[in-house]
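**Student:** build me a model:
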Amino acid sequence: MITRYVRVTMPDGSRWDVEVYRVASHRAECLAENVDDLDDLIAEGLENDYLLEDYARNNMEWADVKSSAKMTSPAEPPDYEDGWTNGDMEFVEVEV
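**Tutor:** From the prediction side, this is the model:
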């Protein structure tokens, strides 16, 4: 059995997978006017990646999928050498 996921890369470099069905069902529950519409709306979402990406980005929050998201790649360790040589640098005065 093949399961489709939407994979998102977070700002820290970690990657997370969320089942496409989770996004499609969330969309269907929000848009359905009655119970009979749910299956058709879920099927429509499962067939259209663009529709689901747009819905997920504009109508869902991390809290909506966090409990079912699976980390597939951990955060990358920061590159302190790059930060030191290319990062924002400022001079400040601090009372000690």
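**Student:** from now on I want contacts and neighbour counts done on CA atoms only, so please keep to that.
**Tutor:** Noted.
**Student:** which stretches in the protein count as strands?
**Tutor:** Using DSSP state E, the strands found in the chain span residues 5-9, 15-19, 70-73.
**Student:** pick the most deeply packed of those strands.
**Tutor:** Burial of those is given as mean neighbour count (mean count of other CA atoms under 10 Å); strand 15-19 ranks first at a mean of 18.
**Student:** quick one: contacts of that strand?
**Tutor:** For strand 15-19, the surrounding residues in contact (CA atoms under 8 Å, 6 or more residues apart in numbering) are 3-10, 65, 68-75.
**Student:** follow-up on the earlier one: for the strands of the chain, give me TSV that also has distance to Leu41.
**Tutor:** Below are the strands of the chain laid out as TSV (distance: least, CA to CA, whole Å):
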stretch	distance to Leu41
strand 5-9	18
strand 15-19	16
strand 70-73	25
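**Student:** show me the one of those that comes nearest Gly87.
**Tutor:** strand 5-9 (21.9 Å; CA to CA).
**Student:** pull out the buried positions in the lowest-mean-pLDDT helix or strand in the chain.
**Tutor:** In the chain, no helix or strand scores lower on mean pLDDT, DSSP states H and E than helix 35-46, which sits at a mean of 90. For helix 35-46, a neighbour-count test (16 or more other CA atoms under 10 Å) marks Leu38, Leu41, Ile42, Gly45, Leu46 as buried.
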